[in-house]
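Participant: Task: produce atomic coordinates for the following.
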Amino acid sequence: MKFLVFSDSHGNVETMRQAVAWEQPQGIIHLGDCWPDGQALSRSLPGLPVYQVAGNCDRYCTSPGMVQILRLELGGVVCYLCHGHQFRVKMGLLRLKLAAQEANARVALFGHTHRSFCQETDGLLLLNPGACGSEYGTYGVLEWKQGAVTGEIRPLSRENEEDIP
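Facilitator: Model prediction:
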């Protein structure tokens, strides 16, 4: 099973659609900034489940069902989704790690920093897909194989693959 993870799209829905066409995932996760982008993506891909959380730029959006944090189980793995601003991820990941561990999560997904990050530490996979709405946008890929989940960062532009940090 494969899920694509997007964050900080800031109105750029088309690049997310392009990644979905390349990857052919079984689902999508949108981590905020802009909530309407996740909804637009969901409407344009009616066969795919889309899970999303709101970001700091979504504070004036009043869409029904909008949540800041989402704990869900995918492929037998508990995932903790947030935008990251509420845990001050620009200053460090300790608050997020503690919240995810308290939720018994195996995966913590966040955005907000506009910088991609993927690392496993203390049994917790931390993944920030970066900003898919920027010039050198990136996204995350979560894959489940034989009960294990892995994460990876990929470029939204095929010509910039070597530029990923």
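Participant: quick one: terminal-to-terminal distance for stretch 104-120?
Facilitator: This stretch, stretch 104-120, spans 15 Å end to end (Cα to Cα, to the nearest Å).
Participant: what about Val141, which helix or strand?
Facilitator: Per DSSP states H and E, Val141 falls inside strand 138-145.
Participant: Counting neighbours, which bits of that strand end up buried?
Facilitator: Buried residues in strand 138-145, defined by neighbour count with 16 or more other Cβ atoms under 10 Å: 138-142, 144. Where C-beta positions appear, they are placed from N, C-alpha and C, glycine not excepted.
Participant: Over to stretch 44-53?
Facilitator: 45, 48, 50-53.
Participant: in terms of contact, does Tyr136 touch Arg115 like I think?
Facilitator: No: counting by Cβ atoms under 8 Å, Tyr136 stays clear of Arg115, with 11.0 Å between them.
Participant: Mind jotting down where the strands sit in the chain?
Facilitator: For the chain, the strands defined by DSSP state E cover 2-6, 27-30, 50-52, 69-74, 77-82, 107-109, 117-121, 124-128, 138-145, 148-155.
Participant: okay, those strands in a markdown table with mean pLDDT next?
Facilitator: Output for these, formatted as a markdown table (pLDDT from 0 to 100):
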| stretch | mean pLDDT |
| --- | --- |
| strand 2-6 | 98 |
| strand 27-30 | 98 |
| strand 50-52 | 97 |
| strand 69-74 | 96 |
| strand 77-82 | 97 |
| strand 107-109 | 98 |
| strand 117-121 | 96 |
| strand 124-128 | 98 |
| strand 138-145 | 96 |
| strand 148-155 | 96 |
